[in-house]
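Here is the input, now give the coordinates:
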Amino acid sequence: MRVPAKSTVAERGERAARGRSGPVVGAILVTAAFAALVALGTWQMQRLQWKEALIAAIAERRSAPPAPLEKIEAMAAAGEDIDYRTVRVSGIYAHGKERHFFATHEGRSGYYVFTPLMLADGRALFVNRGFVPFEQKEAATRPEGQVPGEVTIDGLARPRLSEKPSSIVPDNDIAKNIFYWKDLDAMAQSAEIAADDVVPFFVDAGPAENPGGLPIGGVTQFDLPNNHLQYALTWYGLAAALVVVSGVYVYRRKR
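The predicted structure follows:
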């Protein structure tokens with residue numbers, strides 16, 4: 001009778017051990033993947049609830065009567081969210097200090113015109129008066145829109161940005177008066193307005209028409225993407241597909 005070599009027995013033992021551990025490892029990996037997919041789907045459902053609440057809040061704020069600037073300032077000072085809140089403010093535009101923010105409007109390239117509105121207390125509020133085409137960046141090409149005297153603006157409060165929103169956004173070109181992100185401090189400094197004399201947020205002017213038609217007001221964007229439900233269904237669908245594929249594999253292996 002031939003006795004198997006020790007090496008052969010050891011090899012068979014290793015193969016048997018691998019055969020037993022393989023399904024266990026596979027089951028662990030499948031379970032972890034399933035849990036991750038379900039967690040991603042659940043996170044997207046939570047994001048969906050947050051986004052729907054945000055859209056509803058914005059709609060409610062937009063429909064509210066305009067509040068005086070002092071009320072919006074108090075809310076901002078208290079740390080409340082002032083974004084898209086309606087506001088009414090009066091002052092005199094300092095047209096010679098307008099800043100230009102690169103933008104597009106209805107398929108055209110151009111600029112949003114941010115002009116300091118000088119308030120009765122001596123402070124400045126930067127107002128996004130609206131869009132002008134690329135070729136009419138300079139105020140001399142649209143003199144009718146440089147309205148003199150005191151004006152009253154109905155618009156929406158917009159918060160300042162503390163930093164550049166993304167590394168792919170170009171740096172602001174102060175020398176050419178072209179801004180690619182809304183840096184309130186840089187706007188004020190380049191317009192030779194002391195930081196302490198600037199209201200710490202912006203106001204987007206409403207759609208009231210300016211003399212001569214420019215700037216075109218009412219350019220605030222409200223189209224917030226809300227694809228979280230589709231994303232959630234995708235993740236849940238992948239989790240379900242993983243269960244089906246795993247079940248078919250186990251069934252065929254047992255047969």
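
Give me the pLDDT value at Asp185.
With respect to pLDDT, Asp185 scores 94.

what does Thr141 give?
pLDDT, read off for Thr141, is 94.

mind checking the backbone torsions on it?
phi -80, psi 0 (degrees, to the nearest 10).

Can you get me a residue count around the nearest residue to it once chain neighbours are set aside?
Excluding the flanking residues, the one nearest Thr141 by Cβ to Cβ, 6 or more residues apart in numbering is Glu135, at 7.3 Å. In short, each C-beta sits where N, CA and C put it, glycine included. Counted with other Cβ atoms under 10 Å, residues neighbouring Glu135 total 9.

quick one: Glu135 is in a helix?
Yes: counting by DSSP: H, G, I helix; E, B strand; the rest coil, Glu135 is located in a helix.

any idea how far Tyr111 is from it?
11 Å (Cβ to Cβ, to the nearest Å).

Ile28 too?
57 Å.

picking that back up, now that the residue nearest to Thr141 has come up, it's in contact with Arg142, right?
No: in terms of Cβ atoms under 8 Å, Glu135 does not count as a neighbour of Arg142; the distance is 10.4 Å.

which residues are in contact with both of the two?
Counting by Cβ atoms under 8 Å, 6 or more residues apart in numbering, Glu135 and Arg142 have no contacts in common.

which stretches of this protein form helices?
6-62, 69-77, 184-190, 228-254 (DSSP state H).

and of the ones you listed, who's closest to Ala175?
In terms of Cβ to Cβ, the element of the helices of the chain nearest to Ala175 is helix 184-190, at 9.0 Å.

From the contact counts, what lies against the closest one?
strand 124-133 (3 or more Cβ pairs under 8 Å, 6 or more residues apart in numbering; DSSP states H and E).

if we can go back for a sec, so for Ile28 and Tyr111, which residue has more residues nearby?
Each of Ile28 and Tyr111 has its neighbours counted (other Cβ under 10 Å); Tyr111 has more, 24 against 10.

Give the buried residues for stretch 73-83.
Residues Glu73, Ala76, Ile82 are the ones in stretch 73-83 that count as buried (16 or more other Cβ atoms under 10 Å).

isn't the first one right up against Ala157?
No: at 9.3 Å, Glu73 and Ala157 do not qualify as touching, with contact defined as Cβ under 8 Å.

Make a markdown table out of the buried residues of stretch 73-83 and add pLDDT.
Putting the buried residues of stretch 73-83 into a markdown table (pLDDT from 0 to 100) gives the following:
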| residue | pLDDT |
| --- | --- |
| Glu73 | 95 |
| Ala76 | 93 |
| Ile82 | 93 |
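
so which of those residues would you say is closest to Gly91?
Glu73 (13.9 Å).

which residues does the closest one contact?
Here Glu73 is in contact with Val199 (criterion: Cβ under 8 Å, 6+ apart).

With distance to Gly149 added, can I get the helices of the chain in TSV?
As requested, the helices of the chain are arranged in TSV below (distance: least, Cβ to Cβ, whole Å):
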stretch	distance to Gly149
helix 6-62	28
helix 69-77	19
helix 184-190	23
helix 228-254	48
